[in-house]
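**Student:** Here is the input, now give the coordinates:
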Amino acid sequence: MELDKLEQKHKAGVQILKEREFYDRLLSEIQYLVKYIDNQFFHNLFVENLFNDMRGVFGSFIRQDLKKVFEEMIENTQFPLNYFLDREYMHLTILRRCTTNLRYQVKSLVRMPQVKSLEFKSSYLQMVSRKLNGEIQNLYRILSENYKQYFRLQFTSLHKNENRISLNCMEDLKSNFDQYFITIMNRFYQLLDAIVFVKDLFYMEIENEIRNRIASLFFERQDRLEKIVDYFIDDLKKNFIRTVDRSIRRGKDYDWIKRGFEQFILSARFEKLLRKVIINSLVSIRKQRKTGKMSTYFNL
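**Tutor:** The predicted model follows:
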């Protein structure tokens, strides 16, 4: 979302920030804080997201695609093994596309818990927070006093009119309710909108920064990353299918095979292997950017 659209979405909040002369400094402060996030944070974020995606997709591959492979192998014993090894599988195809899709990566990274818990130190933002909290306290005091006045007025009115009502009475009731409650509540909502605007502004700036960092650090050689990821996915896919084939010949059912696969992808061994593939591929790409030469592929 662009800044002008964000301002339109939070008109009331932006208005109060501008009236208090917080807006311009607030904007530059948030942009400054986000701009100077350490590159290593984005690198770690990217690695963690790829790792989670790959582990999650291979879990789905085991539960769904490999189960169908098992069933087909049982029903069609005449099919050669390469028939299954060379086939494309839906979950792995989606994984290949998402891994090096910049838009997908940005949207995934910005939703990660590490981003939501990212801490910033800013005396200016603390000052703004104190000022807004002061306004909230003042509004609460007014609302508390209005509450007392409103019900005293209603009690007096009922006795004065001997419990009779009219359209004029109801119109007065509405006007009093607006005066004593709705006007104050609207100011509460305006302060809430200002808070939500600041949150959304942080979110927008972080998303833009992630896009810029990921694009420059990892996607200049997208073809290289695709080749490495494809190699890993294809190699693991074939190992899994060969394991299914061997297990069938040993008389194992699919529940037994699935348990073994699931234990493997949740194991420290698989995590170490997968992280090595991701990290080394990114290191390889960055080295190539500096030297202009293609690095040799690493051993798994």
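**Student:** what's around residue 189, how many residues?
**Tutor:** Applying other C-beta atoms under 10 Å, we find 12 residues neighbouring residue 189. All C-beta spots, glycine's among them, are computed from the backbone N, C-alpha and C.
**Student:** thought it was touching residue 12?
**Tutor:** Yes: using C-beta atoms under 8 Å, residue 189 makes contact with residue 12 at a distance of 7.0 Å.
**Student:** Isn't residue 55 up against residue 265?
**Tutor:** Yes: with contact defined as C-beta under 8 Å, residue 55 and residue 265 form a contacting pair (5.8 Å).
**Student:** which residues touch stretch 43-56?
**Tutor:** Stretch 43-56 is contacted from outside by 95, 98-99, 105, 108-109, 112, 114-115, 210, 214, 217-218, 233, 265-266, 270-271, 274-275, 278-279, 282, using C-beta atoms under 8 Å, 6 or more residues apart in numbering.
**Student:** hmm, try it at 6 Å
**Tutor:** With contact meaning C-beta atoms under 6 Å, 6 or more residues apart in numbering, stretch 43-56 is reached by 108, 109, 114, 265, 274, 275, 278, 279.
**Student:** Which of the helices or strands spans the closest residue to residue 153 other than its chain neighbours?
**Tutor:** Distances taken as C-beta to C-beta, 6 or more residues apart in numbering place residue 176 nearest to residue 153, at 6.3 Å, with adjacent residues excluded. Using DSSP states H and E, residue 176 falls within helix 167-177.
**Student:** just residue 126 next, same as before
**Tutor:** Going by DSSP H and E, residue 126 is in helix 123-160.
**Student:** What of residue 121?
**Tutor:** Per DSSP H and E, there is no helix or strand for residue 121.
**Student:** quick one, phi/psi of it?
**Tutor:** phi -110, psi 120 (degrees, to the nearest 10).
**Student:** Show me the domain layout of the chain.
**Tutor:** 38-117+221-291, 123-197 (automatic domain parsing).
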